[in-house]
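> need a structure here:
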Amino acid sequence: MNLITASRLTFAYREGGGTRLKELDLEVGRTEILGVSGDSGIGKTTLLRLIAGELTPSSGSIEWNGTRSLAYAPQADVLFDFRTAWQNATLLLERAAPRDEVDEGLEFLDRAFATLRLADSTHSPPAQLSGGMRQRVQVAQALAPRSSLLMLDEPFSEQDFEQQQAMETLIHHRVRSKKQAGILVSHDISALAALCDRILFLESRPARLGGAILPPPELGPLPPSGRRSHPAFAAFEFALWHRGAEARPA
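This is a model prediction of the structure:
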């Protein structure tokens, strides 16, 4: 069953800004992790902002099947300078009404801060954190609450490979344990291959969606570390890289 169905979704900026997305049809399964990639500036972030309700479609529709609740970590962090790293990470939990949800989210953040090497920076303001640490705080913030949809925009852009792998494992486990849907926007083909159930590429200008690419059956049920260590991973990663190269506008 789908959580989101977008039909003939079109978005054009006003005052001659041009059409960014044109007649996209998109479905997001209720418990799948969907990967979206494509050339820089083609409209990946625009698509997320439309789903989040930050932008209004020029035409077409986005329908939710069930409760509309989402957590969104944008590409540029939006941490508050007057709050500590921990206080920024707990921000979305502060609007969560059920006490059990808040308690579970706080327990998760305790583990996440240890996993993401943030435990020693709990009381530090964002100005004292590196770009990679700020990015990890923001991802932890989005993972903490209960939501039907998690959206991550380039969450690994400031990370070294070791820390990226830790984040992949954390994201995978959290999304699966909450039976949540996820949309991962990334230029990182390796991350898409490790995490996603389906991968779509935006192509041409204005952007349209190409056909979906699925991992081979032997990779599908595996966590990111299991996928990366499997003999079939390299071929799958190369197939995604090749498809991405084909999708780039001429």
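> C-alpha only now, for contacts and for neighbours.
OK.
> per the record, what domains does the chain have?
Following automatic domain parsing, one gets these domains for the chain: 1-69+148-158+179-250, 77-146.
> want to throw those into a markdown table with distance to Met167, mean pLDDT and mean neighbour count?
A markdown table is the format used below for the domains of the chain (distance: least, CA to CA, whole Å; pLDDT from 0 to 100; neighbours: other CA atoms under 10 Å):
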| stretch | distance to Met167 | mean pLDDT | mean neighbour count |
| --- | --- | --- | --- |
| domain 1-69+148-158+179-250 | 8 | 93 | 18 |
| domain 77-146 | 7 | 95 | 18 |
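> any chance of those in TSV, plus distance to Gln164?
Shown next, in TSV, are the domains of the chain (distance: least, CA to CA, whole Å):
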stretch	distance to Gln164
domain 1-69+148-158+179-250	6
domain 77-146	9
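> which element is the spatially most central residue of the chain on?
Centrality entry for the chain: nearest residue to the mean C-alpha point is Leu152, 2.3 Å, by CA atoms, centre = their mean. Using DSSP states H and E, Leu152 sits within strand 149-153.
> where do the helices sit along this structure?
Along the chain, the segments classed as helices by DSSP state H run 44-52, 85-89, 99-115, 131-143, 161-177, 189-195, 224-229, 233-247.
> output the contacting helices and strands for the fourth one.
Same thing as helix 131-143. The contact analysis (3 or more CA pairs under 8 Å, 6 or more residues apart in numbering; DSSP states H and E) places helix 131-143 against strand 70-73, helix 85-89, helix 99-115, strand 149-153, helix 161-177.
> centre of the chain to it, how far?
How far helix 131-143 lies from its chain's middle: 12 Å, per CA atoms, centre = their mean, to the nearest Å.
> and it with helix 161-177, angle?
If you take axes from the mean of the first three to the mean of the last three CA atoms, to 10 degrees, helix 131-143 sits at 0 degrees to helix 161-177.
> now what about helix 131-143, what contacts it?
Defining contact as CA atoms under 8 Å, 6 or more residues apart in numbering, one finds that helix 131-143 is touched by 71-73, 77-79, 85-86, 88-92, 109, 112-113, 116, 118, 126, 150, 152, 155-156, 158-159, 171, 174-175.
> what do you get for the last one?
By CA under 8 Å, 6+ apart, the list of residues contacting helix 233-247 from outside reads 37-39, 189-190, 193, 201-204, 210, 213, 215-216, 219, 227-228.
> Ala232 and Asp197, how far apart?
15 Å (CA to CA, to the nearest Å).
> right, and the helices and strands packed on helix 131-143 - which one's nearest Met1?
Among the helices and strands packed on helix 131-143, strand 149-153 comes nearest to Met1, with 13.9 Å by CA to CA.
> and the closest one, how far out from the chain middle?
With CA atoms, centre = their mean, you get 3 Å for strand 149-153.
> ok, stretch 50-70 next?
So, by CA atoms, centre = their mean, the centroid of stretch 50-70 is 16 Å from its chain's centroid.
> who are the contact partners of Asp25?
So Asp25 contacts Thr5, Ala6, Ser7, Arg8, Leu9, Leu209 (CA under 8 Å, 6+ apart).
> which one is it nearest to, not counting chain neighbours?
Once flanking residues are discounted, Asp25 sits nearest to Ser7: 4.7 Å by CA to CA, 6 or more residues apart in numbering.
> now do the contacts for that neighbour.
Glu23, Leu24, Asp25, Leu26, Gly60, Ser61, Ile62.
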